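Asks: how does the following fold in three dimensions:
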Amino acid sequence: MSGHGTPIPMTSRKAASLKGTADVPGDKSISHRSLILGALAVGETRISGLLEGEDVLDTAKAMRAFGAEITDHGDGEWSVHGVGVGGFAEPDQVIDCGNSGTGVRLIMGAMATSPITATFTGDASLNGRPMGRVTDPLALFGAQSFGRSEGRLPMTIVGAVDPIPVRYVVPVPSAQVKSAVLFAGLNAPGETVVIEKEATRDHTERMFAGFGADISVEETDEGRVITLQGQPELAPQQIVVPRDPSSAAFPVCAALLVEGSDVLVPNIGLNPTRAGLFTTLREMGADLSYENMREEGGEPVADLRAKFSPNLKGIEVPPARAASMIDEYPVLSVVASFAEGDTVMRGVKELRVKESDRIDAMAQGLRAAGVAVEEGEDWWIVSGLGHGNVPGGVTVESRLDHRIAMSFLVMGMATERPMTVDDAGPVATSFPIFEPLMAQLGAQIVRGNR
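Replies: Take a look at the predicted model:
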């Protein structure tokens, strides 16, 4: 599947049951950061289990363009010979980040405090997303940005010749913004301080420490205060990437909705800043259990077992949990459609500026499929119809958004009539094996319209 070519419509039909083991790809967030930090270390970093979706492969290409030597050894095994903090070379060509908001924002941060210039672009979806939330704090270091109206790509970043450290309060909960500032702080002298009023996924802080950066985190009345000492020499690492909880969400949620299902999803990262969906599903009454809980590479990991759950109940999801499951709200709204009662989701305005306006995209599709949805700027409510009562039978727009496409394909596995997605091509950006993996479990997904 490709998110950059001819549209690939797909139709999902009611499945008899889903059974087996779902080996989902490596964690996307950790895969991006492994490549970038490997490129900023001195020596060879070895990575196992790298997600080989288009988003991460675009980041690998970008690191090569900045001078790192990157080798794909096959079967998810990669090596990165880094150039050191401040060692990025100026790219000869425009950096194409495809569909990846994470990739482009982290890379902008990583190069913004080096005296080089780089131009970034992406696909139609990425080029419509706001970059000001990253370029504004990068300007505090001394970097300049020149893009299209409203801070959109294509955009040229002129790195700071004499960067200065900053103290920055993140205005909205965003791991991408926080991480971009921290990456910029690596090559700024002195202390860079980032303050989060609400905690977001902390892979960047964990991995900085793992590579040898002097970084500390303190919980204060002001918020979560992250302090980074600039200009370290990062040491290369051996990284084993855990499986992606955001990808695991799709076979897990499908198993909860399809009668007779029993699916095991092994080796899933359960970092507390990422696992909010699984907590929420269990509160709704999902038969979801953790097996073989352990720690790998500083990250909590477990095997997830999901079984058909016909008596799901709508709940109010705590707004404070939003940052730990922001990418999973689309598929949660599908599960909510099959629950009894209302599922209320608040504090989720970040969904408006993802690959698409995910609140609007899901609300429109769910309504077309027969589910009532109310929405506001930073909230939405899905009124569930209960198991076996969701009509379906429509074609919905993916809006070049991989998670919208996969969410509606999951929905079609349990609706009375099939669900068609107009273009499932973008799924390749994060979950390139989604189609065969779900088929192996017993899903009925075909290419083409109903």
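
Asks: pull the helix or strand that contains I195 out as CSV, backbone CA atoms only.
Replies: Taking DSSP states H and E as the definition, one finds I195 inside strand 191-196. What follows is strand 191-196, C-alpha atoms only, in CSV (Å, rounded to 0.1, in the frame of the first residue of the first chain):
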residue,chain,number,x,y,z
GLU,A,191,20.7,24.5,29.8
THR,A,192,17.6,24.2,27.7
VAL,A,193,14.5,23.9,29.8
VAL,A,194,11.1,22.6,28.6
ILE,A,195,8.0,22.8,30.8
GLU,A,196,4.9,20.7,30.1
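
Asks: and it, what's buried?
Replies: Buried positions in strand 191-196, judged by neighbour count with 16 or more other CB atoms under 10 Å: T192, V193, V194, I195, E196. Just so you know, the C-beta spots here come from the backbone N, C-alpha and C atoms, and that holds for glycine as well.

Asks: any idea how far the closest residue to the third one other than its chain neighbours lies from A199?
Replies: Using CB to CB, 6 or more residues apart in numbering and skipping residues adjacent in sequence, the residue nearest V194 is I226, 4.6 Å away. In this structure, I226 and A199 are separated by 10 Å, where distance is defined by CB to CB, to the nearest Å.

Asks: quick one: contacts of the strand holding I195?
Replies: With contact meaning CB atoms under 8 Å, 6 or more residues apart in numbering, strand 191-196 is reached by 165-170, 173, 178, 181-182, 184-185, 222-230.

Asks: among the residues you listed, which lie within strands?
Replies: R167, Y168, V169, V170, G223, R224, V225, I226, T227, L228, Q229 (DSSP state E).

Asks: emit the PyMOL select command for whichever of these are buried.
Replies: To isolate the buried members of the ones in strands among the contacts of strand 191-196 in PyMOL, using 16+ other CB under 10 Å:
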select buried, resi 168+170+223+224+225+226+227+228+229
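
Asks: go through the ones in strands among the contacts of strand 191-196 and say which is closest to M419.
Replies: Distance to M419, by CB to CB, is smallest for V170 among these, at 37.0 Å.

Asks: which residues touch the residue nearest to V194?
Replies: Shown in contact with I226 (CB under 8 Å, 6+ apart): K178, L182, V193, V194, I195, E196, E205, I215, S216, V217.

Asks: can you add distance to A372 and give those residues back as CSV?
Replies: Shown next, in CSV, are the contacts of I226 (distance: CB to CB, whole Å):
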residue, distance to A372
K178, 36
L182, 42
V193, 45
V194, 40
I195, 40
E196, 35
E205, 41
I215, 46
S216, 48
V217, 42
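
Asks: between those residues, which sits nearest G109?
Replies: Nearest to G109 among these is L182, at 7.2 Å by CB to CB.

Asks: now do the helices in this protein.
Replies: 28-40, 54-65, 101-111, 132-141, 175-185, 203-210, 245-257, 276-283, 329-337, 358-368, 402-412, 434-441 (DSSP state H).

Asks: F146 touches R152, doesn't it?
Replies: No: in this structure, F146 is not within contact of R152 by CB atoms under 8 Å, at 11.6 Å.

Asks: out of the buried residues of strand 191-196, flag the one nearest to K313.
Replies: Nearest to K313 among the buried residues of strand 191-196 is E196, at 31.9 Å by CB to CB.

Asks: hey, what's that closest one bridged with?
Replies: Note on E196: beta-bridge partners V170, R224, judged by DSSP bridges.

Asks: ditto for V42
Replies: V83.

Asks: and for the one 5 residues further on?
Replies: The partner list for I47 in beta bridges (DSSP bridges) reads W78, I239.

Asks: measure it to W78 for me?
Replies: 4 Å.

Asks: the stretch 251-400 of the chain: strands as residue ranges?
Replies: Along the stretch 251-400 of the chain, counting by DSSP state E, counting those that start in this stretch, strands occupy 262-269, 287-296, 299-307, 316-317, 340-346, 372-376, 379-385, 395-396.
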